[in-house]
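Undergrad: Predicted model and sequence below, questions to follow.
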Amino acid sequence: MKKREVIRVEGLSFGYTDVALLKDVSFFIREGEFVTIVGPNGGGKTTLLRLLLGLLCPWEGSITIYGRPHAEQRHLMGYVPQHGVFDRAFPMTVEEMVLQGRIRPWGWYSRQDKKKVAQVLDQVGLSSLKKVSFSSLSGGQLQRALIARALVSEAPILLLDEPSASIDSESEKQLFSLLQSLKGQKTIILVTHDTGFVHKITDRVLCIHRGVCEHPFEVSGGLAAGHGYGPEYGVIHHERTQEEG
Ligand SMILES: Nc1ncnc2c1ncn2[C@@H]1O[C@H](COP(=O)(O)OP(=O)(O)OP(=O)(O)O)[C@@H](O)[C@H]1O
Ligand SMILES: [Mg+2]
């Protein structure tokens, strides 16, 4: 049976200046898929995630999430921003930081919220650190705490921007196991320069560099190293199997 379509991007163009950074980008993602996004530095990967989240407004084209305009559907997406964007110096515990994922008016959190945080911290392997200061976490622990914050919202879509950047191989293994356990439960879009890290769980690879092109799954393991990222290309329409439609 065909899975439900979760994200559809059609004819999307956007730029920060009067020059388009993303041009005529179109793709769709089905429920439960694990999609890896690759592309050169400055190619527009983070920008694409911010457009999906409704933090930026497209020049042209449309983005729908579960068939509705994306701006109305922000609450359905958990976001793990690119490393370094988060202010680590902010004085709070791991538990308090993760609680922020349960957005509540006036900052009141229920017992249920705290229970959910405890469950998610257990899931990401950080239960023992919940009362420590957020600023004292290692790079790998920090990434897992940021994922926990995205998970407590219980959003069905998870967007992760380079979660394996600047973490050691042991932390990368733990992060991989966590993502593997989430595969299928959530629709996951993960931006990375390190496709080897997730190629075992990746269903599809999209390359973003002004346009988008889709790479067959088989090449995803060696894609980052092997791809030349030509100077400019628009949308490349890949043939799909009949099953994909
Ligand atoms: N707020 C902004 N204002 C102006 N230009 C921006 C802004 N954010 C990003 N850019 C520019 O847009 C381009 C794409 O940036 P983006 O962060 O989307 O790339 P990326 O593919 O995520 O790169 P990286 O792999 O380095 O994370 C870059 O040239 C960047 O300098
Ligand atoms: Mg980026």
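TA: Nice, I can see it. Ligands and ions are numbered 1, 2, ... in the order given.
Undergrad: Wait, residue 45 touches residue 192, no?
TA: No: Residue 45 lies out of contact with residue 192 (CB atoms under 8 Å); the separation is 9.1 Å. Placement of C-beta: from N, CA and C, glycine included.
Undergrad: Which residues are in contact with each of these two?
TA: Taking CB atoms under 8 Å, 6 or more residues apart in numbering as the contact rule, residue 45 and residue 192 both touch 37, 38.
Undergrad: any idea how far the residue in the chain sticking out farthest from the centre lies from ligand 2?
TA: Largest separation from the mean C-alpha position in the chain: residue 111, at 28.4 Å (CA atoms, centre = their mean). Distance, residue 111 to ligand 2, by CB to the ion, to the nearest Å: 37 Å.
Undergrad: do residue 101 as well
TA: Relative to ligand 2, and taking CB to the ion, residue 101 is found at 21 Å.
Undergrad: what sits against that residue?
TA: Applying CB under 8 Å, 6+ apart to residue 101 gives the contacts 78, 117, 148, 149, 150, 151, 152, 153.
Undergrad: which secondary structure element contains the fifth one?
TA: Okay, so that is residue 150. helix 139-152 (DSSP states H and E).
Undergrad: mean confidence for that helix?
TA: The average pLDDT for helix 139-152 rounds to 90.
Undergrad: same deal with stretch 108-124?
TA: On average, stretch 108-124 scores 89.
Undergrad: near ligand 2, from the contacts of residue 101?
TA: When CB under 5 Å from the ion is taken as the criterion, no member of those contacts ligand 2.
Undergrad: Sweet, I'm off.
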